[in-house]
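Colleague: generate coordinates for the sequence data below:
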Amino acid sequence: MKDRIRNCLAALEPRLFTNGFTREAAVLMPVFRSGDDFCFLLTRRTEEVQTHKGQISFPGGMREGKEELVQTALRETFEEVGIAEDRIEILGRFHDYISINGYRVAPFAGFIDGPFTTTPQIHEVAEVLKVPFGLFLDPEKLRKEKSVFRDKEVNVYFFSYGNHQIWGLTARIIKEFMETLNLNC
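Modeller: Have a look, this model is predicted:
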């Protein structure tokens, strides 16, 4: 799977936005193996954070100064869940997205090899989730609703994971990422 992701992203011409946003952010899409499954590491945000309270998301956040966006994703991952940069192999950059707040979000796929532990930042991360890829391939776990975003009608995706709903930008990124890998959602 690691090679499949790396090769797919190397061949991808990512959609990059150069304007139409107010700030820049980056997220890491951490991928790891758990037994026979490949999983994403996701976080459930606390009710203390400024935006997206209680929502499921990838580790990530705002760019600081002129740092490279990949460094933003790695820094934020360490700050939020305690996984050091040297434990993460960056596999490539995915498409840019514009968040509901008007931020450009740059996702980077990263592979975590071998066992690892997480140390959630208690003010930002209420829970760390290890979600198997299979969940995102099960049509019974996906629903979509229509919404208006920037004067356009768009699909908002929701994946059910236990008593959690993975939705919004995170669900859109995952759905499009799986489709890009030719893993049907």
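Colleague: in the protein, where is pLDDT below threshold?
Modeller: 49-54, 183-185 (pLDDT under 70).
Colleague: can you pull up the most central residue in it?
Modeller: Centroid check for the chain by C-alpha atoms, centre = their mean gives residue 58 as the closest residue, at 3.7 Å.
Colleague: quick check: that one touching residue 31?
Modeller: No: using C-beta atoms under 8 Å, residue 58 makes no contact with residue 31, being 10.8 Å away. Just so you know, the C-beta spots here come from the backbone N, C-alpha and C atoms, and that holds for glycine as well.
Colleague: list residues touching both of the two?
Modeller: residue 40 (C-beta atoms under 8 Å, 6 or more residues apart in numbering).
Colleague: ok, now which ones touch the residue nearest to the centre of the chain?
Modeller: 27-30, 40, 42-43, 107, 170, 173.
Colleague: run me through the strand neighbours of the lengthiest strand in the chain, direction for each.
Modeller: Counting by DSSP state E, the longest strand found in the chain is strand 23-34. Its sheet considered, strand 23-34 pairs with strand 37-45 (antiparallel), strand 60-62 (antiparallel), strand 103-112 (parallel) by DSSP bridges.
Colleague: got the contact list for stretch 122-137?
Modeller: With C-beta under 8 Å, 6+ apart as the test, stretch 122-137 has contacts from 1, 32, 34, 37-49, 54, 56, 79-81, 118, 120, 141-142, 159, 161, 164, 166, 174-175, 178, 183-185.
Colleague: please redo it, this time with the cut-off set to 6 Å
Modeller: Stretch 122-137 is contacted from outside by 37-44, 46, 48-49, 80-81, 118, 120, 141, 161, 174, 178, 183, 185, using C-beta atoms under 6 Å, 6 or more residues apart in numbering.
Colleague: quick one, which of those are buried?
Modeller: 38-44, 46, 49, 80-81, 118, 120, 174, 185 (16 or more other C-beta atoms under 10 Å).
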